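Trainee: Pasted the sequence and its predicted model underneath.
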Amino acid sequence: MANHEAGKVEEAKQNFDNALNALLSSSLDIRSDERLEKEFDRVVAGVNELYPGGTNDSEAEQKSEPAPIDETNGITPAPDAGVKAKAQAEIRSTHSDLPLMMTDQVAGYITYFSGRGRGVFERAFARSGRYHDMIVSTLKQEGVPQDLVYLAQAESGFHPLAVSRVGARGIWQFMASRGRGYGLYHNVWVDDRQDPEKSTRAAARHLKDLYNQFGDWYLAMAAYNSGPGTVQAAVKRTGYADFWELYRRNVLPKETRNYVPIILAVTIMAKNPSQYGLEDVAMEHPTDYEAITINQPVDLRLVAECVGSTSSELQELNPSLLRLSTPHEGKFELHLPAGTKDQYETTIALIPADMRLWWRYHTVHSGDTLASLARNYHTTAKSISEANHLEGTELEAEAKLVIPVAPGKHPVSDTATYARRITRYKVHAGDTVETVAENFGVSAQMLRRWNGIRGDSLRGRKVLALHLPVSPSVHDAEIASSRTKSKHPKATETATTKPPATKSALLEPEPAQVAVVHHKVKSGETLYSIANAYRTTVAALKRDNRNIAVIRPGMILIVQSTR
């Protein structure tokens, strides 16, 4: 707080991160000590109040977007009389396969999206160009109103990586259990809720089922937001199967009461772009791609190197992937940049199928040597030479080289499982550890560890801290390492080598030996996380470093690591 008040924002953010990491990384149950629990709540409240966007704004691996619906249905804007009159006239000449009507609530949101909420609307409107035709075509095939496309605009702004405060994901903001009921499955590698095509098909069928249940599109949309049980209970309680009557009687949750007016406002504005000054918005276009079905897991960075693309572009083409890898079991339809399918198939054939999570494909640049490549990729010059059948040490510029990398030997940034940035979740009635973990695509075990929880109950909890998954996990490096030991023997390390990229480097059964390592502390690390990485203890770290209690990025620690 002192740093924040002194204007030292970055230092203050680091202080908050250190405090949270210390609490979350501890083996103690935070709830078991009233002082710890109060301190945790105090730190979280401080972060939320001072830095609503989080303390690590530049975290490159954090790609999830906040769902726009969370912001818009949290307010109830007042209508402007002139805006309402104008919109009322526009409705008469607006063709829509959804019923459109003007109320003060709808006018209030048109006023909002025309004023301080215009940026939110315009970004979603521009992004609609990427998915509009696909969505409308799917809705038509499923026999539901095509203007339900604007429900997706209101929900997510057409962002496949949108995540709501309660863990709903994707363009159509499916919760995990509801999505699974319509064929949207997820595991540690992939989440179908983030697949635009699959989730659109599921949303169309879900909305169709809701309409068949209630016989009214407004009630169907309300049920899409809060669940059919909530709407059915409101209808039964009042005797009215009419959304506006339920609105007037205040028997629906606030978010649901605002939900339908938001969608109607978005629909009216999007279908009348010239009246709302939207004709000059630069619309995005659908991204062309080629699809290939693969049976073996592959790292997206290797795919990028094979087709001359980037891992970011491939993630954009494959938004259902939770990590920088395709699923490790079963088939997966991989989307590649248009015109690169043949190139990929030719190049990937040079990499053994069981090494496509680890090996790399490198284009030689001026100044590259076998030694420099070996250092960069954590392998040996001899391995590179043998894999490419090189007769000498000279490398020709622009030549393509296969780089054999031992499993588990990627840099830390290559194999981080979770983003460093902390995502905070406000606990809702009925939540359990299992349901929250499922919705956010993390393991229940990790969620318990991050928050010092035992069991499945969240009773008494107000806020949870978690890290969203972003790349291949250490566990999979461990499995691959143990499976491929005979093909890729572990290189001997000296006392001055860098620390292991993952715990997998410690798994192979070798004679125990102690190596003294000098470790440079990175942002977000704690004594606990460093001790775990080297298979030692916090007590040992403190003993070897003058009983240090607080660490900061850039510090050099002496680590006696058991190997």
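Mentor: Looks like it came in fine.
Trainee: helix or strand for residue 350, which one?
Mentor: Counting by DSSP states H and E, no helix or strand carries residue 350.
Trainee: Please determine how far the residue nearest to it when sequence neighbours are not counted is located from residue 373.
Mentor: Nearest non-adjacent residue to residue 350, counting by C-beta to C-beta, 6 or more residues apart in numbering: residue 402, 5.4 Å away. Glycine gets a C-beta too; all of them are placed from N, C-alpha and C. As judged by C-beta to C-beta, to the nearest Å, residue 402 and residue 373 stand 11 Å apart.
Trainee: what sits in contact with each of the two?
Mentor: Shared contacts of residue 402 and residue 373 (C-beta atoms under 8 Å, 6 or more residues apart in numbering): 362, 384.
Trainee: can you give me the helices in the stretch 151-300 of the chain?
Mentor: Secondary structure of the stretch 151-300 of the chain by DSSP state H, counting those that start in this stretch: the helices cover 176-181, 196-214, 217-226, 228-238, 243-248, 254-270, 300-307.
Trainee: what angle separates the longest one from helix 217-226?
Mentor: When you say that, I think you mean helix 196-214. In terms of direction (axes from the mean of the first three to the mean of the last three C-alpha atoms, to 10 degrees), helix 196-214 departs from helix 217-226 by 120 degrees.
Trainee: What residues sit buried inside stretch 347-364?
Mentor: In terms of neighbour count (16 or more other C-beta atoms under 10 Å), stretch 347-364 has its buried residues at 347-348, 351, 355-362.
Trainee: scratch that, stretch 265-277 is what I was asking about
Mentor: Quick answer for stretch 265-277 (16+ other C-beta under 10 Å): 265-272, 276.
Trainee: which one of the residues you listed is nearest residue 104?
Mentor: The closest of the buried residues of stretch 265-277 to residue 104 turns out to be residue 265 (C-beta to C-beta; 11.5 Å).
Trainee: Go ahead and confirm the closest one touches residue 110.
Mentor: Yes. The pair residue 265 and residue 110 passes the contact test of C-beta atoms under 8 Å, sitting 4.7 Å apart.
Trainee: can you pull the contacts of residue 297?
Mentor: By C-beta under 8 Å, 6+ apart, the neighbours of residue 297 are 325-328, 356-357.
Trainee: Just flag the most distant two among these.
Mentor: 327 and 356 (12.7 Å).
Trainee: Poorly predicted segments of the stretch 351-500 of the chain, please.
Mentor: Residue ranges of the stretch 351-500 of the chain with pLDDT under 70: 408-421, 469-500.
Trainee: List the buried residues in the longest helix anywhere in the chain.
Mentor: Taking DSSP state H as the criterion, the chain has its longest helix at helix 118-141. For helix 118-141, a neighbour-count test (16+ other C-beta under 10 Å) marks 118, 120-122, 124-128, 130-132, 135, 138-139 as buried.
Trainee: helices and strands around that helix, which ones?
Mentor: Identification of packing neighbours for helix 118-141 by 3 or more C-beta pairs under 8 Å, 6 or more residues apart in numbering; DSSP states H and E yields helix 68-72, helix 149-156, helix 196-214, helix 254-270.
Trainee: Need the winner for burial among those.
Mentor: Sort the helices and strands packed on helix 118-141 by mean neighbour count, taking mean count of other C-beta atoms under 10 Å, and helix 149-156 sits at the top with a mean of 28.
Trainee: From the rest of the structure, what touches that helix?
Mentor: 65, 67-69, 72, 124-125, 128, 131-132, 135-136, 139, 158, 162, 170-173, 200, 203, 207, 221, 224, 259, 262-263, 266-267, 270.
Trainee: Spatially, which residue comes closest to residue 111, not counting chain neighbours?
Mentor: In this structure, residue 111 finds its nearest non-sequential neighbour in residue 80, 4.5 Å apart by C-beta to C-beta, 6+ apart.
Trainee: I'd guessed that neighbour sits against residue 113; true?
Mentor: No. The criterion here is C-beta under 8 Å, and residue 80 misses it with residue 113 at 11.7 Å.
Trainee: more neighbours, these two?
Mentor: With neighbours defined as other C-beta atoms under 10 Å, residue 80 and residue 113 compare such that residue 113 has more, 27 against 17.
Trainee: Can you check the pLDDT for that one?
Mentor: pLDDT for residue 113: 96.
Trainee: Could you check which helix or strand contains it?
Mentor: According to DSSP H and E, residue 113 maps onto helix 104-114.
Trainee: how far away is residue 366 from residue 527?
Mentor: For residue 366, the distance to residue 527 - C-beta to C-beta - is 43 Å.
Trainee: who's more crowded, these two?
Mentor: Between residue 366 and residue 527, counting by other C-beta under 10 Å, residue 527 is the more crowded of the two (22 against 7).
Trainee: quick revisit: ok, which of the helices of the stretch 151-300 of the chain comes nearest residue 437?
Mentor: Once the helices of the stretch 151-300 of the chain are compared by C-beta to C-beta, helix 176-181 is nearest, at 9.4 Å.
Trainee: tell me what the closest one is packed against?
Mentor: Looks like helix 176-181 contacts helix 196-214, helix 433-440 (3+ C-beta pairs under 8 Å, 6+ apart).
Trainee: Could I get the buried residue list for it?
Mentor: Across helix 176-181, burial judged by 16+ other C-beta under 10 Å covers 176, 178-180.
Trainee: for the contacts of residue 297, which one is nearest residue 14?
Mentor: Closest to residue 14 out of the contacts of residue 297 is residue 325 (30.6 Å), distances taken as C-beta to C-beta.
Trainee: By mean pLDDT, flag the weakest helix or strand of this structure.
Mentor: Counting by mean pLDDT, DSSP states H and E, the weakest-scoring helix or strand in the chain turns out to be helix 474-483, with a mean of 35.
Trainee: Can you report how many residues neighbour the residue nearest to residue 245 when sequence neighbours are not counted?
Mentor: Nearest in space to residue 245, with sequence neighbours left out and distances taken as C-beta to C-beta, 6+ apart, is residue 238 at 6.9 Å. Per other C-beta under 10 Å, the neighbour tally for residue 238 reads 14.
Trainee: show me the contacts for residue 238.
Mentor: Neighbouring residues of residue 238 by C-beta under 8 Å, 6+ apart: 245-246, 249, 251.
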